[in-house]
Structures are given as structure tokens and as C-alpha cells.
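>>> here is a sequence with its predicted model. Questions after.
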Amino acid sequence: MAKTVLVTGGAGFIGSHLIERLLGEGDEVICLDNFFTGQRRNIEPFGSDPRFHLMEQDVTTPIDLDRVDQVYNLACPASPPHYQFDPVMTRKTNFMGALNVLELASRTGARVLQASTSEVYGDPLVHPQPEEYRGNVSITGIRSCYDVGKMDAEGLFFDYHRAHNTDIRIIRIFNTYGPRMRPDDGRVVSNFIVEALQDEDITIYGDGSQTRSFQYVDDLVEGMFRMMQQTDIAGPVNLGNPGEFTIRELAEMVLGLIPQSRSRLVQMNLPQDDPQQRRPDTTLAGKHLGWKAEVPLQTGLTSTIDYFREILDQKSSVEAVETLAA
Ligand code: NAD
Ligand code: UDP
């Protein structure tokens, strides 16, 4: 049956892919976003669909809706440079955003899903990371506004569940990439691709031996959707691709897929508290959602490169027209 679904952060990278899927399911979708990191271009294609509605609002303010069946809470900057830009705002977005979606859900009886993160494992001492691992987070460091903020949101979800029987779901997302990321997002996959396409230096932070597990956005959307529909488990459930790569391997793979690039690999300072390793244990997702990530890194990178090539081509033709007009 068609539902009314609220997606906070719906104009962002992941949110816009989720909305596309929900509209495809026949749902009525409300996208709440303040466009801090979201892009109007991401949601433009939905504008002509009468089942799509935009609420331009900050998630830290109460959400005035009477009827909603499901809520996906994604509103929060996700890239380190963006969430560290105004750490107080990031912490507030995590806590107040969670509070406002939980208030809405308990008032309307909606099911509410929190987009949490592998960051709650910090710089993990257990590898790969299962959900019961309590993590190794720097409480006072520069990533704290995001990772402790997300931990607090998870805690608040369970407080509402225990106190008000709110119907909650929590997923912990591992590094996700794909089309519709911003060219200036600042995360590693988009940085390396944009640098390689523009013949700029590929910026490896530290010696590049740190690892991450990269998940293509289509896999994540499938996992999120299944998590929301099932009634087996509230979570938290890890969603990620268990393939693990060093950052140097990623750089070499990107260059291998853009063979005409004249970029060179350069080393830059490693940011404070940068986790050394990351790989999800996805046993729970397999058992309760029948889900596992399917898209290999090479395949996902190829379509992400195609996307950025198109965006950068559009940008350079606009700049060329502006130069001619000047
Ligand atoms: P994104 O920055 O592209 O999207 C975030 C969206 O939230 C943007 O549209 C932004 O404008 C909006 N937003 C931010 N603050 C807001 C506020 N106060 N009020 C209303 N809207 C606000 O990032 P993304 O990669 O699409 O991430 C989406 C969610 O998934 C985030 O909650 C993030 O923490 C989580 N997540 C993402 C990853 C990943 O690898 N992409 C990993 C773990 C968790
Ligand atoms: N990184 C890098 N070069 C970049 C951007 C990031 O070497 O241009 C590194 C970063 O230091 C980290 C890894 O890539 O070790 C993943 O960074 P990202 O910001 O994508 O995600 P997170 O650190 O939040 O997992």
C-alpha cells in the first residue's frame, strides 16, 4: 500500500537516491532539507511528480506534519570538512534532528529510521566491526561533533522506544559513494575522481595505508529500504561492503580507470583522529534483511566517474560561455 514517507536530508547524495526509490514504489514523499550540503539539482527530476513535496526547513526546528507513515532521518552533513565547518551546528543537528523526528513519530505513530554511521566505532580496535562492538571514539576530538552526535542520536532513539514504544530502526552506514555527491564534497572517492579528471594531484592523507570499505549507493538504498520494511529487528544494523582497500589502492584504482589522467599521487598531512581501519561485519544484515552489498568497487567507481565527467564538462562549458560574455 502506498505510504507517506518523510526523508530529512532528502536533497543530499544518499537522500536523493532514496527518494527516487520511494517514488518508484508508489509512495508520497516529503523531502525536508535546509540545503546546507544538499543540491537542488539532486531533486530537480522529482519536481514534476505530484507525489513529491519539498519542505525547506532546518531539522533542528519542530516538524509540523499531521500524517506520516515512515520517516528516514538523514539530515546531517556527512563529509569531515563539512561537518567540522560548524561543529556546534553538527552536534545540534544530530541531537535536535533526532528529537524532532522522534517527537513526530511518536505523535503520528510513524516508523522512524536513523541513518547512523560506522563512525560510532571510532578508530576501531576490533576488526571487522560487529554491531556489539562499543568502539574507540575520541570524545573531545575534531570528529566528535559527528560521531558522538550520532551516538547520542542512537541513544535517544532507544530512549523513545523504551519510554514511548516508538517504532524505531537504526542503520550504521559505512563509507558510501556514487553519483550525486558534490564535486567539493571532500570525501576520498569524490576527491580522487575530481582530481584525476582535472589532472590535479591526487591528495593522499598520511601514507595511504589506512583502509576503508566502500559501498555503492544502490546497495545502501536497498539495505535501508529493507530495514524500514521488516519487523524483525530495530537495530543497529551495519550496512556496508566488506571489501577493504587501502587509500593508496583506491587512488591507483581511480587512476587505472582514468588512464588519460596526468595526475600524480602526493602525500599530505593525516587529519587528527583519522581511523586506521574500517570493515563492516554484515552478518546481522544478511540474517534479518537477506541483504549483502553486490556492487564491486570497480563497477561503482566507473559509474561515479561517468557522473563527475558529465558534471565537470557542464561546469567548464558554462565557464567558457561566461568568459566569452565577459
Ligand atoms: P549529504 O551531505 O550529501 O546529505 C546530507 C543532507 O542533509 C544534505 O541535503 C543537507 O543539506 C541536509 N542537512 C544537513 N543539515 C541539515 C539540517 N540542519 N536541517 C535540514 N537538512 C540538513 O550526505 P550523505 O552522504 O547523503 O549522508 C546522508 C546521511 O547518511 C547523513 O546523516 C550521514 O551522516 C549518513 N551517513 C553517510 C555516510 C556516507 O558515506 N555517505 C556514511 C555514514 C553515515
Ligand atoms: N582521504 C585522503 N584524501 C582525500 C580525502 C580523504 O587520503 O582527499 C583519506 C582520509 O584521511 C581517510 C579516508 O581517506 O583516511 C576516508 O576519508 P573520508 O573523508 O572519505 O571518510 P571517513 O574518514 O569519514 O571515513
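In hand now; what should we look at? This one's a predicted model, so the numbers in the text were calculated from it and none came from an experiment. Numbers count the residues shown, from 1 in each chain. Ligands and ions are numbered 1, 2, ... in the order given.
>>> and the closest residue to ligand 2 within the stretch 1-150 of the chain, how many neighbours?
Of the residues in the stretch 1-150 of the chain, the one nearest ligand 2 is Pro80, at a distance of 4.8 Å by Cβ to the nearest ligand atom. Where C-beta positions appear, they are placed from N, C-alpha and C, glycine not excepted. By other Cβ atoms under 10 Å, the residues close to Pro80 number 18.
>>> do the same with Met181
29.
>>> assign a three-state SS to it, would you?
coil (DSSP: H, G, I helix; E, B strand; the rest coil).
>>> residues from this protein in reach of ligand 1?
9, 11-15, 33-38, 58-60, 74-78, 93, 115, 117, 173, 175-176 (Cβ under 6 Å from any ligand atom).
>>> any chance of a ChimeraX selection covering the buried ones in the residues you listed?
Remark: buried members of the residues of the chain next to ligand 1, expressed as a ChimeraX selection using 16 or more other Cβ atoms under 10 Å:
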select :9,11,12,13,14,15,33,34,36,37,38,58,59,60,74,75,76,77,78,93,115,117,173,175,176
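>>> filter the residues of the chain next to ligand 1 by proximity to ligand 2?
Contacts with ligand 2 within the residues of the chain next to ligand 1, as defined by Cβ under 6 Å from any ligand atom: Asn175.
>>> strands - which of the residues of the chain next to ligand 1 land there?
33, 115, 117, 173, 176 (DSSP state E).
>>> who's the fourth one bridged to?
When you say that, I think you mean Ile173. Thr117, Leu239 (DSSP bridges).
>>> how about the helices of the stretch 151-300 of the chain, start to end?
Counting by DSSP state H, counting those that start in this stretch, one finds helices in the stretch 151-300 of the chain at the ranges 188-197, 217-229, 247-257, 283-289, 297-325.
>>> among those, which is the most enclosed?
Highest mean neighbour count of those: helix 188-197, a mean of 23 (counted as mean count of other Cβ atoms under 10 Å).
>>> got CSV for the helices of the stretch 151-300 of the chain, with mean pLDDT and distance to Leu65 too?
Output for the helices of the stretch 151-300 of the chain, formatted as CSV (pLDDT from 0 to 100; distance: least, Cβ to Cβ, whole Å):
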stretch, mean pLDDT, distance to Leu65
helix 188-197, 98, 33
helix 217-229, 98, 17
helix 247-257, 98, 41
helix 283-289, 98, 27
helix 297-325, 84, 33
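>>> right, so of those, which gets closest to Asp123?
helix 247-257 (14.7 Å; Cβ to Cβ).
>>> kindly export that closest one (C-alpha atoms) in PDB.
C-alpha atoms of helix 247-257 as PDB (Å, rounded to 0.1, in the frame of the first residue of the first chain):
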ATOM      1  CA  ILE A 247      43.500   4.600   0.400                       C
ATOM      2  CA  ARG A 248      46.600   4.200  -1.800                       C
ATOM      3  CA  GLU A 249      44.900   1.200  -3.600                       C
ATOM      4  CA  LEU A 250      41.800   3.300  -4.100                       C
ATOM      5  CA  ALA A 251      44.000   6.100  -5.700                       C
ATOM      6  CA  GLU A 252      45.700   3.600  -8.000                       C
ATOM      7  CA  MET A 253      42.300   2.100  -9.000                       C
ATOM      8  CA  VAL A 254      40.800   5.500  -9.800                       C
ATOM      9  CA  LEU A 255      43.900   6.400 -12.000                       C
ATOM     10  CA  GLY A 256      43.600   3.000 -13.700                       C
ATOM     11  CA  LEU A 257      40.000   3.800 -14.600                       C
END
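>>> just how off-centre is that helix within its chain?
With Cα atoms, centre = their mean, to the nearest Å as the basis, helix 247-257 stands 22 Å off its chain's centre.
>>> helices and strands around it, which ones?
Where contact means 3 or more Cβ pairs under 8 Å, 6 or more residues apart in numbering; DSSP states H and E, helix 247-257 is packed against helix 188-197, strand 202-205, strand 211-212, strand 265-268, helix 297-325.
>>> neighbours of whatever residue of the stretch 201-326 of the chain ends up closest to ligand 2, how many?
Closest residue of the stretch 201-326 of the chain to ligand 2, Cβ to the nearest ligand atom: Tyr205 (3.5 Å). Residues lying near Tyr205 (other Cβ under 10 Å) number 15.
>>> isn't it right next to Pro275, touching?
No - taking contacts as Cβ atoms under 8 Å, Tyr205 lies outside contact range of Pro275: 11.7 Å.
>>> alright, that wraps it up for me.
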